[in-house]
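Peer 1: Give me coordinates for this.
(one chain, ligands or ions: 1)
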Amino acid sequence: MRIVTPDGMLTRRGPEDWFTGAVWMDASPAGPSPDASVFRVFFGPGARTNWHTHPEGQVLFILTGTCRVAREGEPPVNVEAGGVVYFAPNEKHWHGADPDSYMVHAAVNPAANSGGGTNWLEPVTDRQYSGA
Ligand code: MN
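Peer 2: Next up is the predicted model:
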């Protein structure tokens, strides 16, 4: 699967300000009045997002590997390929790969009243990632 974008944007490295570890992402650009922003993201083993929120929430479709995800105040849990994860608007969370596998997910960010973007926060520490 390749996400086809109007401006021909190709896979790019996930910025270090947003992620820990090896991350690659394909993004749909914000076109005129988009209904959603769509991203396909590859996480190497142990790689994960920073803590963050989405103004209109987010749905993750786990395509390959094992996803590790946590919501603020809850321990991390693993979600296998085929699983779907939902985050409510402005719910603080993170997601990434299990330590022992890479993981690819599609992320759909509703964008009816926003750009479908992400409010990036602090990195997820190794302790938070391991759930210790
Ligand atoms: Mn998210």
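Peer 1: where exactly do the helices run in the protein?
Peer 2: Under the criterion DSSP state H, helices of the chain are mapped to 126-130.
Peer 1: where are the low-confidence patches of this protein?
Peer 2: 1-9, 28-34 (pLDDT under 70).
Peer 1: The same query, at a cut-off of 90, please.
Peer 2: Low-confidence segments of the chain, defined by pLDDT under 90: 1-12, 26-40, 110-117, 132.
Peer 1: other SSEs contacting the longest strand belonging to it?
Peer 2: For the chain, the longest strand by residue count, based on DSSP state E, is strand 58-71. Contact analysis of strand 58-71 by 3 or more C-beta pairs under 8 Å, 6 or more residues apart in numbering; DSSP states H and E lists strand 77-80, strand 84-87, strand 93-97, strand 103-110 as its packing neighbours. Just so you know, the C-beta spots here come from the backbone N, C-alpha and C atoms, and that holds for glycine as well.
Peer 1: Direction included, what does the longest one pair against?
Peer 2: Strand pairing for strand 103-110, determined by DSSP bridges: strand 36-43 (antiparallel), strand 58-71 (antiparallel).
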